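Enquirer: I'll drop the sequence and a predicted model, then ask my questions.
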Amino acid sequence: MMDFYHALTFYSPTSTADGYGGVEAGWSEEFTARGSIRYLRGGETVQAARLQGRQPVVATIRACADAEAVTPSWKFEDRNGTEFNIRAIVRSDDRLFYEITAESGVEV
């Protein structure tokens, strides 16, 4: 059984006009969901990422209407303020959960 200990807040990218003909990029808070975070260990690519200051994770949240809108351009934040950039999102085989591959320590 999974432990949905973490409160994960999801953000979508936004862009607004800056009044000078340019565009200002930002983030808009969309929803918060309970989830579990599993830090990846092992393989060469994971070790290489760690050496570069990145931490790959797989976060699992329950399927809901809000979660269906999440794309790899989004990010989420845990309750400690650590930001994770979403790389992929996959529905579980039983369709009850979303498994989100993400990385901390990198810019979008």
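Expert: Thanks, I have it.
Enquirer: Tell me where the chain has helices.
Expert: 44-51 (DSSP state H).
Enquirer: where does it dip in pLDDT?
Expert: For the chain, applying pLDDT under 70 flags the ranges 1, 42-53, 106-108.
Enquirer: who's sitting farthest from the centroid in it?
Expert: Farthest-out residue of the chain from its mean C-alpha position, per C-alpha atoms, centre = their mean: Tyr20, at 31.9 Å.
Enquirer: now the strands for the protein?
Expert: 6-17, 23-39, 55-62, 75-77, 83-91, 97-104 (DSSP state E).
Enquirer: wait, doesn't Arg79 sit right on Ala7?
Expert: Yes: the criterion here is C-beta atoms under 8 Å, and Arg79 meets it with Ala7 at 4.9 Å. (Glycine included, C-beta is placed from N, CA and C.)
Enquirer: and His6, what does it touch?
Expert: 34-37, 59, 78-79 (C-beta atoms under 8 Å, 6 or more residues apart in numbering).
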